[in-house]
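Colleague: Here you go, sequence then predicted model.
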Amino acid sequence: MKLKDRFTDRVFTLGGSILLLCIVMAIVFPNKFPTIDNFSQLMLNLSIDTIVAVGMMVLMIAGMFDLSVGSVVAFAGGMAGYLMYYHHVNFVPAIMAGVAGSVLIGFINGWLIARVGINPMIQTLAMMGIVRGFALMLSGAGIQNFPYEYTVIGQSKLFGLQMPVWYMLLVVIVFAYLTKNTSFFRRYYFIGGSEKAARLSGINVEKMKVWAFVISATLAGVAGILLSSRLGAALSTSGRGLEMRVITAVILGGASLSGGYGKIWGSFLGALFMALINNLLILSRVSGYWQEVILGAILIIAVGIDQLILKKMEK
Amino acid sequence: MLCLNNISRSFPGVKALENVTLKFRQGEVHALCGENGAGKSTLMHIISGNLQPDSGTIVLKEQPVIIENVLQAENSGIAIVYQERSLVDALTVAENIFPVNQPKTSFGLINYKALYANTTALLEELQLSHLAPNTVVGKLSAAQKNMIEIAKALAKKPAVLILDEPTASLTHDETEVLFSIIKKLKQANVVIIYISHRMAEIATIADIVSVLKDGVLQGTVAADTPVDTIVKMMVGRALTASVFSSNTTGNVLFSAEDISGKGFSNVSFRVHKGEVLGFAGLTGSGRTALAKAIFGDAKYDSGKMFMNGKPFRPGHPADAIASHVAYLPDDRKAEGLFLEKSITENIAAVHLDTTVYNKKENERLADGYIRQLSIRTPASAIHVRKLSGGNQQKTVLAKWLSADPELLVVNEPTHGVDMGAKAEIYHILKNLTAKGKGIIMISSELPELLLLADRIAVMYQGKLVKILAKQEATEEKLAALASGIL
């Protein structure tokens, strides 16, 4: 890859910024930042968001997005918790039910968007409310006292890192590989590039769209199971605002709202960057309220710089 | 009236215009020609205030002016009809024609009564009185939109009117209407700058012709100068007129029996191996609807189709591709290309039915076709947005050739393509027939149908009126059949 191309490749520029940020933080906070504990906590914090962000990246490559993922996170955990706590269902079928419910939600989203033609923003906004309602019904004020086998999924450690971190890395690596090397996932870049031209090139755009929503909702469901297992509780408020955080991460990671662009590693780096900023603010004892202000400003700056580079290149 | 003195403008790496001096007089139709990239667009953008010259002056009505932006150009009476549409589909005809200068009531609100009256008057002048001023533009055909675009420019009552390829999507009749309007404007002493690729048109409507090549003015000559001379000025060499021999065989490749669908009805025809079957007709005569049905992009209601003798019922373009049918759409930018993707990826778009995405193989394919079709590009990784119209069209062709079709349906294959690339596309198509491929060629350019087609089918209001053999077809006959006269 040429240097100029590198400079416009978000995975490269964002990766560089992260490295720079880490070095600065290591110098400023030598005792607090570069420690195993801090690193492990940081990775754990971003693991749930990243798993959801991978699915969102697939959607955004195809030029769509899903606002219902945050509700799905709460729903999947609530569903599994409800079955285990009230009906004493074994943890395996409980997890399967939680994920299956998420798959169904994704399918309904995708089917209505692709086949009926409802706008993704409207469809998933409505589904966000509907699913949040179901999550409330399932988990009420919250469900606790899960079986040990369930909590061990999210609370055990491997090589000093919490399990959710490993699941996240697995999801990122697998999807990065698939989006690069399989025709199935490459089709999303073409659909995002031009839906009409994609159809006229023989791509079944409708079917692919349904799949994209199913994939995204499935990953959100898995994330929901992991979150409730890690917390040892299913809360109806889980994943509130997660959809916006995830979309922010994905856009920081190089996706565009009109589609056609983006890499899976970008979604991980976007989430990592946000987690680092968060970490920096905590270490510098900045009030939590500032966090949202600063993240918003960073998003505007990142996308603004992009537009300026684009304009410069066109001239 | 409008003088350009020693205008130069360069972009990084290219001198788009070099010391161009042109005089445009009132009541004169001044044609500008040149191949794509010759500097016509840059010149037009400078006159209309979109771009500023690096050096040189513009003199309008004896006054030196600096045209800083489009608004200022409009206030100076310069109106332009762009090749790309500037209409909003969701708004009405009247609102599109008067986007800013609507008549106001005494309260300062839009006076719809006057707005519609003004629009109706304009539409009548353009012989579009069958359109109501409150028709939503999105419902209009491509040709009608083009006429609305012209109405929009006329509404400004311009002193200078620039027309950029105004007839590219107009049919014969509408072109006639446009020409009669141009003649009226001439009498009203308007300066008319007419940009076109079509030599026959220039001879008909223009008074004088200026030729640009690589940003340099080659000269200004009378419009009745022989076409060969003008073409020679444009390309720097004489183009030999091509004559193609027929490659058609007796073996039927594709047949349609009494098919009907949205926009066409009871159409029957055959395409033989190695044959080019031309389709003439006006915009909206059902040619594109028929092509889309053959390609599985639109449903058809009744009738039968056969490919190589086997029943053929495509429900989706993917089915058609699997039966070795390909379709080159008329709207290259919206339907044919992925503008923000590379040539390689554009070709890869029809190879996504495999499990593994084979990047190397696609690159090999792309490099092969760049050479074979002489697509002029620095690399296969270049985004196709940056290519010229001709090279973009060759990229779409490359995509389809890589899918190895037996029947290629091409819709306006040389629309907006310069003369050099046109000739190349003709050769590419003809070479395919030599390999036994069948081609259905929809075109509004009768000379190209007469040049390439072995037989020409004419459609009128959704019906296939007649199929003429090459020997019996003439431009007059085709135009008459297409207008429902014969």
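Modeller: All right, it came through fine.
Colleague: drop to CA atoms for contacts and neighbour counts, all remaining ones
Modeller: Fine.
Colleague: what's the distance between A:P147 and B:C33?
Modeller: To B:C33, A:P147 is 80 Å away according to C-alpha to C-alpha, to the nearest Å.
Colleague: What of B:E174?
Modeller: 22 Å.
Colleague: the more surrounded of the two?
Modeller: B:C33 (25 against 20; other C-alpha atoms under 10 Å in any protein chain shown).
Colleague: Any idea what the more buried one is bridged to?
Modeller: Applying DSSP bridges to B:C33 yields these beta-bridge partners: B:V211.
Colleague: B:S8 in helix, strand or coil?
Modeller: Counting by DSSP: H, G, I helix; E, B strand; the rest coil, the backbone at B:S8 sits in strand.
Colleague: give me the number of residues near it?
Modeller: Here the count is done by other C-alpha under 10 Å, and B:S8 has 22 residues near it.
Colleague: One more: B:V410?
Modeller: Neighbour count of B:V410, defined by other C-alpha under 10 Å: 23.
Colleague: and if you look at A:L19?
Modeller: The burial count for A:L19: 13, using other C-alpha under 10 Å.
Colleague: Spell out the secondary structure type for it.
Modeller: helix.
Colleague: Whichever residue of the stretch 201-315 of chain A sits closest to chain B: neighbour count?
Modeller: Among residues of the stretch 201-315 of chain A, the one nearest chain B by C-alpha to the nearest C-alpha turns out to be A:G202. It sits 3.9 Å away. By other C-alpha under 10 Å, the residues close to A:G202 number 24.
Colleague: now B:K466
Modeller: With other C-alpha under 10 Å as criterion, B:K466 counts 16.
Colleague: what do you get for B:Q26?
Modeller: 18.
Colleague: B:L185 is in contact with that one, correct?
Modeller: No - counting by C-alpha atoms under 8 Å, B:Q26 stays clear of B:L185, with 9.8 Å between them.
Colleague: Tell me where the stretch 51-200 of chain B has helices.
Modeller: With DSSP state H, counting those that start in this stretch, the ranges of helices along the stretch 51-200 of chain B come out as B:70-75, B:93-97, B:112-125, B:142-154, B:172-187, B:199-205.
Colleague: what comes up buried for stretch B:176-191?
Modeller: B:177-179, B:182-183, B:185-186, B:190-191 (16 or more other C-alpha atoms under 10 Å in any protein chain shown).
Colleague: what's the answer for stretch A:107-121, then?
Modeller: For stretch A:107-121, by 16+ other C-alpha under 10 Å, it's A:107-114, A:120.
Colleague: for these, which one is nearest B:S8?
Modeller: Checking those against B:S8 with C-alpha to C-alpha, the nearest one is A:P120 at 48.6 Å.
Colleague: Of all residues in the chain, which one is nearest the centre?
Modeller: I went with chain A, as the question did not name one. What sits nearest the mean C-alpha location of chain A, by C-alpha atoms, centre = their mean, is A:A53, with 1.8 Å.
Colleague: look at chain B instead
Modeller: Mean-position check on chain B, C-alpha atoms, centre = their mean. Result B:H415 at 3.6 Å.
Colleague: Based on its surroundings, how many neighbours for the residue of chain B found nearest chain A?
Modeller: Of all residues in chain B, the one sitting closest to chain A is B:A318 (3.9 Å; C-alpha to the nearest C-alpha). Using other C-alpha under 10 Å, the number of residues around B:A318 comes to 23.
Colleague: counting contacts, what elements does the strand or helix carrying it pack onto?
Modeller: Per DSSP states H and E, B:A318 falls inside helix B:317-322. Secondary-structure packing of helix B:317-322 (3 or more C-alpha pairs under 8 Å, 6 or more residues apart in numbering or on different chains; DSSP states H and E): helix A:195-200.
Colleague: Enumerate the residues of the stretch 101-250 of chain A near chain B.
Modeller: Residues of the stretch 101-250 of chain A found near chain B (C-alpha under 8 Å from any C-alpha of the partner chain) are A:180-184, A:186-187, A:190, A:193-194, A:196-204.
Colleague: With pLDDT as extra columns, can I get the buried residues of stretch A:107-121 in a markdown table?
Modeller: Converted to a markdown table, the buried residues of stretch A:107-121 look like this (pLDDT from 0 to 100):
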| residue | pLDDT |
| --- | --- |
| A:F107 | 97 |
| A:I108 | 97 |
| A:N109 | 95 |
| A:G110 | 96 |
| A:W111 | 97 |
| A:L112 | 96 |
| A:I113 | 95 |
| A:A114 | 93 |
| A:P120 | 94 |
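Colleague: For chain B, state which of those residues is nearest.
Modeller: Of the buried residues of stretch A:107-121, the one sitting nearest to chain B (C-alpha to the nearest C-alpha) turns out to be A:A114, at 15.0 Å.
Colleague: In three-state terms, label the closest residue in space to that closest one that isn't next to it in sequence for me.
Modeller: Sequence neighbours aside, A:E206 is the residue nearest to A:A114 in space, at 4.9 Å (criterion: C-alpha to C-alpha, 6 or more residues apart in numbering or on different chains). Assigned by three-state DSSP, the conformation of A:E206 is helix.
Colleague: Flag every buried residue along the helix or strand of chain B with the lowest mean pLDDT.
Modeller: In chain B, no helix or strand scores lower on mean pLDDT, DSSP states H and E than helix B:227-235, which sits at a mean of 78. Residues B:230-231, B:233-235 are the ones in helix B:227-235 that count as buried (16+ other C-alpha under 10 Å).
Colleague: Could you export stretch A:234-244 as CSV, keeping only the C-alpha atoms?
Modeller: Taking Å, rounded to 0.1, in the frame of the first residue of the first chain, the C-alpha atoms of stretch A:234-244 are listed here in CSV:
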residue,chain,number,x,y,z
ALA,A,234,-30.0,-9.5,33.9
LEU,A,235,-31.1,-5.9,34.0
SER,A,236,-33.8,-4.3,31.8
THR,A,237,-31.7,-1.2,31.5
SER,A,238,-28.7,-3.0,30.1
GLY,A,239,-27.4,-1.6,26.8
ARG,A,240,-29.2,1.7,27.1
GLY,A,241,-27.5,4.1,24.8
LEU,A,242,-25.2,1.3,23.5
GLU,A,243,-26.5,1.7,19.9
MET,A,244,-25.2,5.3,19.7
